[in-house]
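> Sequence and predicted structure below; questions after.
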Amino acid sequence: MVIPQSPLPYALLVRVCGVVLIGLLIAYTPHIQTEPLVGSIAFPSSLASVPSLRVYYCGQKIATDTFGSTIRFTVNKESDNERMYVLVTTKIRPVSARLGMGDHLINTIDHLRVPNGQTYKFYALVRDKRVDGSSRWRVERKLTLNESRCIPDDTLIVLWRPDCIAKLEDDSTQIFPRLVCKDDTVTRFGSEQLLHEFATEMWMEAINSDFFHAKRAKEKVRLAGNRVLRVVA
C-alpha cells in the first residue's frame, strides 16, 4: 500500500501546528482586568518647586507629573484584588531567591524588604464597592511590617522621608487616597535648597532600585471631569 505524501513538508507542518496551538492557548488564557488609579503626593503650597520622587509598583518604575504643589502618578491595578498597600521609606533592598534546600543564591529577586533600622510608614488600603458598580479605595489602617521587613508584592512604594508625611487621607475627588506632607516639611530639612539636595541624593541612590524595576513608558495624566486621560509617549 502506498501512503500518500503530505502536501506540506514535515518541518512546515510542525510549525503550523505549533502556531495553531499557541493561538488556542492565548484564546483560552483568562484576561486580567486592570484599572488605572491616579495617586498623588501633596506638598506644602509654600514650596517654590516640588522635588522629583521615585515611585514603584509591582516591579515597575512609575512616571510622575507635577501639578502645582502636587505630584501625580498612575498605576494599573488588577481589578480583582480587593487590597493593596502604600509604603513610604528612603531605602529598599532586594532579597535574592535561594535554590533548593541549601543557601546557594541565584540571580533572581525573591522579594523586597526595608533594611533593619530604616524608618517607614506603611498603610493598608481596601476597596469599597458601591451599589452603582463603582468603587473607591480607602485607608483601612496603618501597619507594621513583619519581623523580616518583607514588602508585600501589591505595594505602592514611595521613596521619601516618612517623617515628612502627615497622613494618607481619603480624597473625595479621587478614587485613590493621597499622601499629604507635613506643613513643616521645609523646616525639617533646614531650607528648601537642602530639601532639593536631599531629593537629588535620593534620586541618585534610587538607581540601585531601578535595576530590579522595569522601566514603564512615560504617561501624561490629564483630568477631564471624572475621567482620567492617559497619553503614552
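All right, it came through fine.
> thought Q174 was touching A42?
No - taking contacts as CB atoms under 8 Å, Q174 lies outside contact range of A42: 11.4 Å. For the C-beta atoms, the positions are set from N, CA and C on the backbone; glycine is no exception.
> shared neighbours, the two?
With CB atoms under 8 Å, 6 or more residues apart in numbering applied, the contact sets of Q174 and A42 do not overlap.
> where's K121, which helix or strand?
Using DSSP states H and E, K121 maps to strand 120-129.
> by contact count, what packs against that strand?
strand 83-89, strand 135-143, strand 165-169 (3 or more CB pairs under 8 Å, 6 or more residues apart in numbering; DSSP states H and E).
> in the longest one, what counts as buried?
So the one you mean is strand 135-143. Residues of strand 135-143 classed as buried by neighbour count (16 or more other CB atoms under 10 Å): W137.
> My guess is P44 contacts D183. True?
Yes - with contact defined as CB under 8 Å, P44 counts as touching D183 (5.5 Å).
> These two: who's more crowded?
P44 (17 against 12; other CB atoms under 10 Å).
> Quickly find the element holding that one.
Per DSSP H and E, there is no helix or strand for P44.
> before we move on, what about S40?
S40 belongs to strand 34-42 when assigned by DSSP H and E.
> Any stretches of this protein with poor pLDDT?
1-34, 78-80, 98-107, 133, 172-173, 208-233 (pLDDT under 70).
> Can you show me the helices along it?
Along the chain, counting by DSSP state H, helices occupy 10-27, 185-189, 192-205, 207-210.
> just checking, R127 touches E82?
Yes - taking contacts as CB under 8 Å, R127 lies within contact range of E82: 4.9 Å.
> So which of the two has more stuff around it?
R127 (16 against 12).
> Dig out what V38 forms beta bridges with.
Legend: beta-bridge partners of V38 under DSSP bridges are T74.
> contacting residues for the spatially closest residue to W203 that is not a sequence neighbour?
Leaving aside its sequence neighbours, W203 sits nearest to S52 (CB to CB, 6 or more residues apart in numbering; 6.0 Å). Each residue near S52 by CB under 8 Å, 6+ apart is listed here: T64, A199, W203.
> which among these end up buried?
Buried members of the contacts of S52, scored by 16+ other CB under 10 Å, are T64, A199.
> Let me know the closest of the contacts of S52 to L156.
Closest approach to L156 among those (CB to CB): T64, at 12.1 Å.
> ok, now which ones touch the closest residue to that closest one other than its chain neighbours?
Once flanking residues are discounted, T64 sits nearest to F73: 4.6 Å by CB to CB, 6+ apart. When contacts are counted by CB under 8 Å, 6+ apart, F73 touches V38, G39, S40, V55, I62, A63, T64, D65, V221.
> Now which of those residues would you call buried?
Neighbour counting by 16+ other CB under 10 Å classes V38, G39, S40, V55, I62, A63, T64, V221 among these as buried.
> Would you mind getting the angle between the strand holding K121 and strand 34-42?
Angular relation of strand 120-129 and strand 34-42 on a 0 to 180 degree scale: 130 degrees, by axes from the mean of the first three to the mean of the last three CA atoms, to 10 degrees.
> Partner strands of strand 120-129, with direction?
Going by DSSP bridges, the partners of strand 120-129 are strand 83-89 (antiparallel), strand 135-143 (antiparallel).
> Ok, which of the ones you listed comes nearest E192?
Evaluated over the strands paired with strand 120-129, closeness to E192 peaks at strand 83-89, with 20.2 Å, by CB to CB.
> Direction-wise, compare that closest one with strand 165-169 and give the angle.
Following the same axes, to 10 degrees, one obtains 170 degrees for the angle between strand 83-89 and strand 165-169.
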